[in-house]
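>>> Predicted structure and sequence below. I'll ask about it afterward.
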Amino acid sequence: MALKELGIEYKKIDRTFVAISSFKGEIGDIIPKIDAFYNNVKLDESGSPIAIIDHGVYTTGGKYIELCFPFNPKNAMVDIPTKFIDMIEALSIMHQGPIENLNETFKSILNYMQERLISGTAYLRLVFHKYNLKNPEENQIEIQYQLHKWGDRLKKGMDKVLGESMTNEILKDRENLFTIESSQNDRIQWLKAMLDRLDAISNEQQHYDILSCCAHEFSKKRVEHMRSIYEKTGDIDKVIEEMYLDNDWYEKPIRNGNILYVTKVPADPEGYEKAQSLEEKKKSYCHCRFINTNFDKEISPTFCYCGTGWYRQIWEGILEKPIKVSVLKSLLKGDDCCELAIHLPKNHNFFN
């Protein structure tokens, strides 16, 4: 079904100036906290309150939630944290009723994205157009799921490495076959043909430089935390020790000199253990939405350089120095796992 038939809208949402109130908690805590904020702060409102939920930060104290209250920046108040929240592109749907039932409405977006292999980010926005603590059936809450603009990142990286003319040739037909409403088959066929064209005219270093910039964004808050450990200790091993304590996000890096070796864990560990065939194991193992149901399409292993960008973000964020990540094994190469080598800068004493 098309977006409009599902009640879903594709939106470009402008950069917005807001007052901020952050907390760790659950989605059900949001409306009471909005009320409490307005009761304590006089604000010349210029828009509905927005909750930004960061799913990239797992904590024992609940979800990390920023309450954002749009208002005119000319009226900024020195005693309240303020900032601009970024312009985003999102799929949006309106939820009517209790906040506890949001998931049922959100499934329409998730199902659409799964069907067409569209990727989201770790950020979800809820816009409270109308809310009523006493009568939650009157709630009108807009769900905005921020999109990961993989194709735009690909073009930007390719323009930088190969130039605009060559990029346009490699990415031809993108506007017809790789859109927000393109079918899964069209998107995969375009991806395969695009990678074949890229392979024909570029080398491995260029593949890395282009595709590692397309990866999903790793949590900035987590990178900042790891960076703070490195700044305090100057010791990469201390950072690795901290990563070993976090089972939600980090594989267990193994260091050999200035190289860290990482073997990806299955995306669906339970499904991987129960799998009866190699095909089922691969589907449960692979984290990539483009690949895990399309191993039969013979997509170029070059695509796996996209996944190196996850680790590039982490370690360049920690060290504030350029690094290189190489693919040692991948499912697209015919291996039974994905293994990467993270090359830290040489001639630098990272280890106390």
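Here it is on my side, so go on. Just so we're clear, the structure is a prediction, and the values are computed from it rather than from any experiment.
>>> Please count neighbours and contacts with C-alpha atoms only from this point.
OK.
>>> Could you pull up the contacting residues of residue 91?
Counting by Cα atoms under 8 Å, 6 or more residues apart in numbering, residue 91 makes contact with 8-11, 109, 144-147.
>>> Confirm it sits in a strand?
Yes - according to DSSP: H, G, I helix; E, B strand; the rest coil, residue 91 belongs to a strand.
>>> Grab the nearest non-local neighbour of it.
Closest residue in space to residue 91, ignoring its immediate chain neighbours: residue 10 at 4.7 Å, by Cα to Cα, 6 or more residues apart in numbering.
>>> these two touch, right, that neighbour and residue 93?
No - in this structure, residue 10 is not within contact of residue 93 by Cα atoms under 8 Å, at 9.1 Å.
>>> more crowded one of the two?
The neighbour count for residue 10 versus residue 93, taken as other Cα atoms under 10 Å, is higher for residue 93 (23 against 17).
>>> In the top helix by length along the chain, which residues are buried?
Looking across the chain with DSSP state H, the single longest helix is helix 184-201. Using 16 or more other Cα atoms under 10 Å as the test for burial, helix 184-201 gives 184, 186-188, 190-195, 198-199.
>>> And for stretch 295-304?
Here stretch 295-304 shows 299-304 as buried, counting by 16+ other Cα under 10 Å.
>>> Can you tell me which of those is nearest residue 264?
Nearest to residue 264, judged by Cα to Cα, of these is residue 304 at 12.3 Å.
>>> Who are the contact partners of residue 83?
17-20.
>>> and it, that's in a strand?
Yes - using three-state DSSP, the assignment for residue 83 is a strand.
>>> Provide the partner residues of it in its beta bridges.
residue 18 (DSSP bridges).
>>> what's the next secondary structure element after whichever strand or helix holds residue 169?
Using DSSP states H and E, residue 169 sits in helix 164-170. Sequence-wise, the next helix or strand downstream of helix 164-170 (DSSP H and E) is helix 174-177.
>>> What mean pLDDT does that following helix get?
Averaging pLDDT along helix 174-177 yields 96.
>>> about what we covered before: how about the helix holding residue 169: buried residues?
So for helix 164-170, counting by 16+ other Cα under 10 Å, buried means 167, 170.
>>> Just list what it packs against, helices and strands only.
helix 150-162, helix 184-201 (3 or more Cα pairs under 8 Å, 6 or more residues apart in numbering; DSSP states H and E).
>>> CA atoms of it as CSV?
Output of helix 164-170 as CSV, limited to C-alpha atoms (Å, rounded to 0.1, in the frame of the first residue of the first chain):
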residue,chain,number,x,y,z
GLU,A,164,30.0,14.7,-9.5
SER,A,165,30.1,13.4,-13.1
MET,A,166,31.2,9.9,-12.2
THR,A,167,28.8,9.9,-9.3
ASN,A,168,25.9,10.7,-11.5
GLU,A,169,26.7,7.8,-13.8
ILE,A,170,27.0,5.3,-10.9
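>>> Low-confidence stretches in the chain?
Low-confidence segments of the chain, defined by pLDDT under 70, are located at 45, 59-60, 75-78, 347-352.
>>> That one: strands as residue ranges?
9-13, 16-25, 50-54, 63-70, 82-85, 88-96, 120-130, 140-147, 254-256, 259-263, 324-329, 339-343 (DSSP state E).
>>> Let's have these in CSV, adding distance to residue 172.
Shown next, in CSV, are the strands of the chain (distance: least, Cα to Cα, whole Å):
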stretch, distance to residue 172
strand 9-13, 23
strand 16-25, 34
strand 50-54, 35
strand 63-70, 40
strand 82-85, 33
strand 88-96, 23
strand 120-130, 24
strand 140-147, 22
strand 254-256, 41
strand 259-263, 35
strand 324-329, 27
strand 339-343, 31
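>>> Now do the contacts for the residue lying closest to residue 172 once chain neighbours are set aside.
Leaving aside its chain neighbours, residue 172 sits nearest to residue 194 (8.0 Å; criterion: Cα to Cα, 6+ apart). For residue 194, the contact set (Cα under 8 Å, 6+ apart) comprises 170-172.
>>> Next one: the residue nearest the centre of the chain from residue 245, what distance?
For the chain, residue 121 is the residue whose C-alpha lies nearest the centre (Cα atoms, centre = their mean; 3.3 Å). Separation of residue 121 from residue 245 (Cα to Cα, to the nearest Å) stands at 24 Å.
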